[in-house]
Structures are given as structure tokens and as C-alpha cells.
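Novice: Whatever this is, show me its structure:
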Amino acid sequence: MAKDDYYVIVYQILAYLYVCLKNGENVEANKLKPNGDMFAINEKYWTYIMENMVDQGFIRGIAIKKGAHDTYIGGLEHCEITPVGIDYLCDNSRLKKAFEFAKDVMAITPLNLF
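Specialist: Got it, this is the predicted structure:
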């Protein structure tokens with residue numbers, strides 16, 4: 001599974017939001033941006049992922065505004081995981097594969113993002 005695979009990105013976002021929730025920490029918007037601290041993907045792909053995570057009920061608290069040619073996503077600092085997102089994070093087999101991939105990457109990456 002590639003580091004920019006849909007399920008890897010979803011796992012990273014949900015895991016980060018869950019850690020923030022459990023630790024009572026504020027979400028750092030820069031960690032959730034398309035070229036932020038956790039991953040580097042193009043904005044169109046990132047928008048697709050974020051919109052679908054909201055539509056599926058995995059996250060809430062962000063503002064999505066659709067324009068004629070593009071979509072704006074704001075309020076990342078207010079983003080939070082939902083109980084549905086927690087269930088998906090804990091019970092989805094694809095996310096477990098993404099976790100294994102991310103764990104391997106984190107073992108060889110000097111940055112401690114979580």
C-alpha cells in the first residue's frame with residue numbers, strides 16, 4: 001500500500017483526530033492540510049478524501065463550500081472524529097493494512113507526528 005493511498009490517508013487523519021480527542025488536545029490544522037505535516041498529496045485528492053469522510057460521517061466540524069469550479073475546506077482546527085469514525089478506525093480491515101504500512105513508515109521516519 002502506497003503512502004498516498006486513500007486508506008492510508010484516511011487512517012492517518014482518523015488516528016490523529018482520535019489521539020487528539022483522547023488526550024484532550026487541540027487539532028493542529030497544519031497536520032491535516034494536503035501538504036502539511038502528515039502527508040503530501042494534491043489538493044483535489046485531499047478535498048475528495050475530506051468530503052467523503054464528512055459524507056460518511058467519520059469526521060465533523062469543518063466547513064465545506066462548493067464554488068463554480070472548486071471546493072473550499074476550512075475550519076480544520078475544529079475537525080473532530082465522530083463515533084462512526086472511531087468504529088471505522090477500529091474495525092476496518094483495510095485500515096488495519098494502512099496501519100501496518102504507516103507503522104512501518106513511522107519506524108524508519110525520524111519525525112514523530114503523533
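
Novice: how about the longest helix along the chain: buried residues?
Specialist: Taking DSSP state H as the criterion, the chain has its longest helix at helix 6-23. Burial within helix 6-23, assessed by neighbour count using 16 or more other C-beta atoms under 10 Å, is assigned to 6-18, 20. (Each C-beta comes from the backbone N, C-alpha and C, glycine too.)

Novice: repeat for stretch 79-96
Specialist: 79, 81-82, 85-86, 88-89, 92, 95.

Novice: Out of the residues you listed, which comes closest to Lys33?
Specialist: Cys79 (11.1 Å; C-beta to C-beta).

Novice: pretty sure the closest one is touching Leu32, no?
Specialist: Yes: the pair Cys79 / Leu32 is scored as a contact, 6.2 Å apart, by C-beta atoms under 8 Å.

Novice: Return the per-residue confidence for Ser93.
Specialist: pLDDT for Ser93: 64.
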